[in-house]
Structure formats: structure tokens, C-alpha cells
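Undergrad: kindly return the folded structure for what I paste below:
(one chain, ligands or ions: 2)
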Amino acid sequence: MQKRQIPASGGLTYGGTSRNEMGMTQAPSSSRPLRVTRAPAPLAGTVAVPGDKSISHRALMFSALAEGETRIIGLLEGEDVLRTADAMRALGAHITRDENGRWHVRGRGLGALTEPSDVLDMGNSGTAARLLSGILASHGMMSVMTGDASLRRRPMKRVTDPLAGTGATFLAREGGRLPLAIQGNATPAPLDYRLPVASAQVKSAVLLAGLNAAGETRVEEPVPTRDHTENMLRHFGAQVAVEETPEGGRIIRLQGKPHLIARDVTVPGDPSSAAFVLVAALLVAGSDVVISNVGLNPLRTGLFTTLREMGARLDITNERTEGGEPVGDLHVQASSLQAVDVPAERAPSMIDEYPILAVAAGFATGISRFRGVEELRVKESDRLASTVALLEKNGVRTKVDGDDLIIYGTQGAIPGGGTVETHMDHRLAMSASILGLVAENPVEIDDTAFIDTSFPGYFPLLNSLGAGFAA
Ligand SMILES: O=C(O)C1=C[C@@H](OP(=O)(O)O)[C@@H](O)[C@H](O)C1
Ligand SMILES: C=C(OP(=O)(O)O)C(=O)O
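TA: Ligands and ions are numbered 1, 2, ... in the order given. Modelled structure (predicted):
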């Protein structure tokens, strides 16, 4: 198995993917299949998961738009985020990593990014592609963005439709998919947009385009989504006002042309990564685990609420605020879980956690229903279909009812024995690995390489708790 190196100032190598001399992503150079057998013993110990992916992307992008040098502590060094670092370098920011693992970004200042001389390759990352499109649309230059086979399948019209209102023009493939050519506008018009889907990526793309637009950019979201963009833009000096609507949504107003100034950013542990360790500890009998320094932004913690409703023994200790975000330590003990009915409004606060919640529901007692999970269809894989296949192949019955997913719990007796296809989806691979730890028969996973996009060091971390993965 080849290990990806962390670059000091460029020249990335990737574990799961490779690039040709044009900088374009090739099919995964080598897949990493894995056979997972039951955990040999209870999981025990204390671990810290890598930095938050959403916050890490934003820290690199916003610091590249600020004046001065930003220091980032705890940046996620996963492939998705390294793609963003690579892209911001290609746009003129100076980005390095020091020997203590801190990242330094010398920004260009708002409106001062330079035209990239080559295609920007966003790899597997929807967040990188969508947020960057807002920045590129509002700079007077021509750029082309692409990604790997998974990202090239994902919808981009959800961002290019609103961004066209700035005066930028886009040329994309059928259905608005990558590769995407963008002719940005140096004097973009500010947007006033109501999100048709609950998406923090679309909200952020519109807000980022608004940075370089004179006047006020307004975004209305029917259901609140993660607000890291709003929080971090304020941290860098922008004026962002947020108002709750009587219907439970939010209106965000950004004043254009702020003076963005470099500020240190401390990245908390990613709750979406902690989710896998948490569910493993809940399901492997006798486990007792602490996950320290996990981000607890209330727009990210829907899984914790849901697991508690299922009967999880989950305590949050040492709650504090770090770098403007709430953080704490999770203490989790193996628990006997009951089925749950997850309301649709909760989906944005746990959107990436459904595959691993599905494993917990498959192990639980009773019939669970996850309501309104249609957005799962447009992730790294069609996660509704791939989560169903993960469970069904391992002997757990499921049903898709419109946009709801129904899971028939096995009362702690998942048969296993299936071969799981992960479709270039890191969350599917991690969910399958946890299912394998508690299933009665070994589980085969076709490829675990994409785990490096969001959770480098995943298997060693779980093995330090006693999981016994052969990876
Ligand atoms: O803004 C972000 O950082 C993200 C938003 C979510 O996507 P959507 O905006 O498509 O829901 C999430 O699934 C993704 O992993 C990260
Ligand atoms: C959906 C995800 O990420 P992205 O949209 O950035 O590819 C994810 O990490 O689960």
C-alpha cells in the first residue's frame, strides 16, 4: 500500500487517485480491497479524529482571499482538502505546511486571484468544486474545473444557475456536469437567492460570489444548513447578518467588498468522521471509548441527537469554544439500540451520517425510518442506492418508500458475508468496515482507498482501539 505524502509547497501525490501531466485525475491507480472480520475484543481507549473537512476547505479558500498570512492549526490533510490547497495555489495564493503540521496561507486579497494556467482538478470533492465555483465566477478570469469519475457525475447546475446571475458564464457538459469552463466577471452583480434544496455548498457558493460584488448578497434557506461559511467570513472581517424566518428557515445577508484580513484558524475534529468511531463503539459489545476535541456546531450534530433517541450511552464532556466553534469530548459506551424515526428537517444536520446510521439501525431492534433523504442520491455515490445495497448484501432488509429509507433491524444479528461495492464513496467504505466488525460473517469491501479523501489514518486509529482491521 502506497502512502500519500503531505506536500511542503506543492506536488501532491494521492493514495487513491493519480494525475497525468495535464493535472487531470485518472481512474484510481490501485484499489484497496479489504476483508473485515468481527472485532476481536471490545474497543477501548481515547482517540482524536482528523480536522473538520468543511472548515478546512473554507479556511484555505477564505485565507487565500484575505490580506496577510493566516495560520491554520489542525487542518484536515485528506485528499479532498489537499485538492483545495492545490487549487488555491494555482490561483496565486502561497500555501505551505511547516514541520509542526501548521499550514500557512499568504492570501492575494479579494478580487486579486490570478488566472490558473491549467485545469483545476477537484478530485472527489463536491465541496471544493461548488464553493470554488462561487469564487471563480466573481473574478475576471477564465478557468476550467474537473474532477474524478464520481465528481463528474454530480450536479453542478445547482450552483451555476444562481451564479449566472453575477454575469459569469459557464460551459458544462449535459446536465451541467464537470468539466466546467467558467468565464468569471470582475464586477459581479450581487445575488438574491432562495435555495431550492437544503445545501450548505450552494449557499456558500452564492455568498462567496457576493464577496467581490458591490452591495448586499442575500440568501434564504428554507431549512438551516451548516453555517461555517457565515462564521468564518465574520472571523476574517466580513459583515454577515443572519435572521431566522417564521417558517424555521434563515436569511443571510452579506455586505460585499469587505476588507478580509488574515486570521488564525483552529480546526476542530470532524463530527462526521467521529461518527464512525462512535457507532463502532456503540455496536461492539463492551466498548468504552473517548473521542476528544470533536466539533459540536449544532447544525452538525443531528446524528448525536438521533443515536441518543435510539438509546445510545453518549456523554459530551469538556465542552468549550475553540476558534469560534463549540467543541467537546464524546464518551461512548456500547449500548443496546432501538429503532428510530428521523424527521426530514433533521437531514441537513446529519446529511453525511446516514450510511453509518443505517448500519446502527440494521443492528438495532425494530424498524427505523429515515425521512426525506433524497439529497443522498447526489453524493459521491447514489447513497440511497449504495446504502441499501450495503445492508441487503449483508442480510439486512430495507425498503425505499419515496424519499424515505426504511431499515428492518436485526436485533444485534447482522448476518454479513456480503461483498460491498463502494462506488468511489469514502463514507460507504467506512460504513461497510464498521458493519464488518459486528457482522456474523466476514464482509468484503471492493475498495477502501477513497477513505483518504476525508479520514486519513482511519484504520490505524480504529486499530489503536482494538478493532483488528487487517488494513
Ligand atoms: O458545505 C459543506 O462543507 C458540505 C455540505 C454538505 O453538502 P450539501 O451542501 O450538498 O448538502 C455535505 O454533504 C458535504 O460533505 C460538506
Ligand atoms: C458529501 C460529501 O462530501 P463532498 O460533497 O464535499 O464531496 C461527504 O464528505 O460525505
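Undergrad: what parts of the stretch 201-350 of the chain come near ligand 2?
TA: Counting by CB under 6 Å from any ligand atom, none of the residues of the stretch 201-350 of the chain come close to ligand 2. (Each C-beta comes from the backbone N, C-alpha and C, glycine too.)
Undergrad: how about low-confidence regions in the stretch 251-400 of the chain?
TA: Within the stretch 251-400 of the chain, not a single segment meets pLDDT under 70.
Undergrad: what's the closest non-adjacent residue to the residue in it positioned nearest to ligand 2?
TA: Here the residue of the stretch 251-400 of the chain nearest ligand 2 is D352; by CB to the nearest ligand atom that distance is 3.7 Å. Nearest non-adjacent residue to D352, counting by CB to CB, 6 or more residues apart in numbering: S272, 4.6 Å away.
Undergrad: so the one you found makes contact with I356?
TA: No - using CB atoms under 8 Å as the test, S272 is too far from I356 to be in contact (9.1 Å).
Undergrad: who has more neighbours, these two?
TA: Using other CB atoms under 10 Å as the criterion, S272 and I356 rank with I356 on top: 27 against 23.
Undergrad: mind listing what the more buried one touches?
TA: If a contact means CB atoms under 8 Å, 6 or more residues apart in numbering, then I356 has A275, F276, V279, L303, R427, M430, S431, I434 as its contacts.
Undergrad: that's a helix at it, yeah?
TA: Yes - according to DSSP: H, G, I helix; E, B strand; the rest coil, I356 belongs to a helix.
Undergrad: phi, psi for L120 please.
TA: Main-chain torsions, L120, degrees, to the nearest 10: phi -90, psi 120.
Undergrad: domains in this protein, by residue range?
TA: As given by automatic domain parsing, the domain ranges for the chain are 34-51+268-464, 53-266.
Undergrad: now do stretch 103-115: distance to the chain's middle.
TA: Its chain's C-alpha centre and that of stretch 103-115 lie 24 Å apart, by CA atoms, centre = their mean, to the nearest Å.
Undergrad: repeat that for stretch 332-340.
TA: Centre-to-centre, stretch 332-340 and its host chain are 25 Å apart (CA atoms, centre = their mean).
Undergrad: can you pull the buried residues of that stretch?
TA: V332, A334, S335, S336, L337, A339, V340 (16 or more other CB atoms under 10 Å).
Undergrad: hmm, back to that, dump the residue contacts of the residue nearest to D352.
TA: D52, K53, R300, D352, E353, S454.
Undergrad: among those residues, which one sits closest to P33?
TA: Distance to P33, by CB to CB, is smallest for S454 among the contacts of S272, at 19.3 Å.
Undergrad: the closest one reaches R83, doesn't it?
TA: No - applying CB under 8 Å as the test, S454 and R83 come out as separate, 11.8 Å apart.
Undergrad: looking at those two, which is more packed in?
TA: Higher neighbour count among S454 and R83: R83, with 30 against 26, using other CB under 10 Å.
Undergrad: does the helix or strand where that one lies come close to ligand 1?
TA: Take DSSP states H and E as the rule and R83 turns out to sit in helix 79-90. No - judged by CB under 6 Å from any ligand atom, helix 79-90 and ligand 1 are separated, with a smallest distance of 8.8 Å.
Undergrad: adding distance to ligand 1, write the buried residues of stretch 332-340 out as CSV.
TA: Output for these, formatted as CSV (distance: CB to the nearest ligand atom, whole Å):
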residue, distance to ligand 1
V332, 22
A334, 28
S335, 26
S336, 30
L337, 24
A339, 25
V340, 20
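Undergrad: tell me which of those is nearest to P460?
TA: Of all the buried residues of stretch 332-340, V332 has the smallest distance to P460: 19.5 Å, by CB to CB.
Undergrad: helix or strand right after the helix or strand hosting the closest one?
TA: Element membership of V332 [criterion: DSSP H and E] is strand 325-333. Per DSSP H and E, the first helix or strand lying C-terminal to strand 325-333 is strand 341-342.
Undergrad: still on that earlier bit, so how far is S54 from the residue nearest to D352?
TA: Computed as CB to CB, to the nearest Å, the S272 to S54 distance reads 8 Å.
Undergrad: now do the SS call for S133.
TA: What three-state DSSP gives for S133 is helix.
Undergrad: contacting residues for it?
TA: M145, M156, V159, T160, L163, L180, I182, A205.
Undergrad: which of the residues you listed fall in helices?
TA: Residues of those located in helices (DSSP state H): V159, T160, L163, A205.
Undergrad: which bits of this protein sit near ligand 1?
TA: Listed as neighbours of ligand 1 in the chain under the rule CB under 6 Å from any ligand atom: S54, T127, S199, A200, Q201, S204, R226, I351, D352, E375.
Undergrad: the same query, at a cut-off of 5 Å, please.
TA: Counting by CB under 5 Å from any ligand atom, the chain comes close to ligand 1 at S54, T127, S199, A200, Q201, I351, D352.
Undergrad: ok, and the closest non-adjacent residue to the first one?
TA: Leaving aside its sequence neighbours, S54 sits nearest to H228 (CB to CB, 6+ apart; 5.1 Å).
Undergrad: in the stretch 251-400 of the chain, what residue spans correspond to helices?
TA: Along the stretch 251-400 of the chain, the stretches classed as helices by DSSP state H, counting those that start in this stretch are 271-283, 302-309, 354-363, 383-392.
Undergrad: before we move on, the earlier item: look up how far V327 lies from the residue nearest to D352.
TA: S272 sits 14 Å away from V327, going by CB to CB.
Undergrad: repeat for V443
TA: 33 Å.
Undergrad: kindly report the same for V340.
TA: From V340 to V327 the distance is 26 Å (CB to CB).
Undergrad: now do the same contact list for the residue of the chain found nearest ligand 2.
TA: Using CB to the nearest ligand atom, G126 is the residue of the chain that sits closest to ligand 2, at 2.7 Å. For G126, the contact set (CB under 8 Å, 6+ apart) comprises L151, R154, Q201, K379, E380.
Undergrad: same question, E115
TA: M141, M142, S143 are the contacts of E115 under CB under 8 Å, 6+ apart.
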